[in-house]
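Student: Let's see this in three dimensions:
(one chain, ligands or ions: 1)
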Amino acid sequence: KLVIGVLALQGAFIEHQKALANCGVESIQVRKPEQLEEIKGLIIPGGESTTMGKLMHQFDLFEPILNLAHKGVPIFGTCAGMIMLAKDIVGSNQPRLGLMDIAVERNAFGRQVESFEVDLNVPELGEEPLRAIFIRAPYIKSASSNVQVMATFQDKIVLARQGKFLAAAFHPELTNDLRLHKYFLNMID
Ligand code: GLN
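Tutor: Predicted structure coming up:
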């Protein structure tokens, strides 16, 4: 049975569950290690990455999520979730999973610009542009050659894939466009 887990320690997990439901896919809120055993994919939502990291330690989820990743289960990180996936976080030693060979810069679009929306060109998703909502968003400052850059905005990488890991700097769960969630679901064997 296809069940997707959404890490539900804090942040925008409900919205991801709604998007998955709109894709016709069942999801569960993950707060306990044993819940990872029944899922075929994991979404790490937006929120606040330092808080999320602390909670992941408190809930003993770091090791189990790394084990899940090493089993080849796809993981999709959005915004703070993207920060959690990164190996390097510029100027920070906050906890992270470090599964993707990317360096991310937090709050990278400037403090005065809290949030904004743009149309992104994402060839992998077809011709129609993808509306992207950025909220105190990070971006990918650098990525190693094994990382596939899927979209940029103002020359900054905002969507990337490395094997079974997908990272978006923006919030795909806050629009009605389901293409990125469907793309992620297609990463599941
Ligand atoms: N700025 C947040 C962080 O650094 C991420 C923002 C978000 O997830 N919307 O964790």
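Student: Strands of the protein, residue ranges please.
Tutor: Assignment of strands within the chain using DSSP state E yields the ranges 3-7, 26-30, 41-44, 75-78, 86-89, 100-105, 115-120, 130-135, 139-143, 148-153, 156-162, 165-168.
Student: Spit out the contact partners of the residue lying closest to residue 50 once chain neighbours are set aside.
Tutor: Distances taken as C-beta to C-beta, 6 or more residues apart in numbering place residue 94 nearest to residue 50, at 4.8 Å, with adjacent residues excluded. (Glycine included, C-beta is placed from N, CA and C.) Taking C-beta atoms under 8 Å, 6 or more residues apart in numbering as the contact definition, residue 94 lies against 49-50, 53.
Student: per-residue confidence at the nearest residue to residue 148 once chain neighbours are set aside?
Tutor: The shortest distance from residue 148 to any non-neighbouring residue, by C-beta to C-beta, 6+ apart, is to residue 161 (4.6 Å). pLDDT recorded at residue 161 is 98.
Student: Likewise for residue 114?
Tutor: According to the model's per-residue confidence, residue 114 sits at a pLDDT of 83.
Student: Much appreciated, bye for now.
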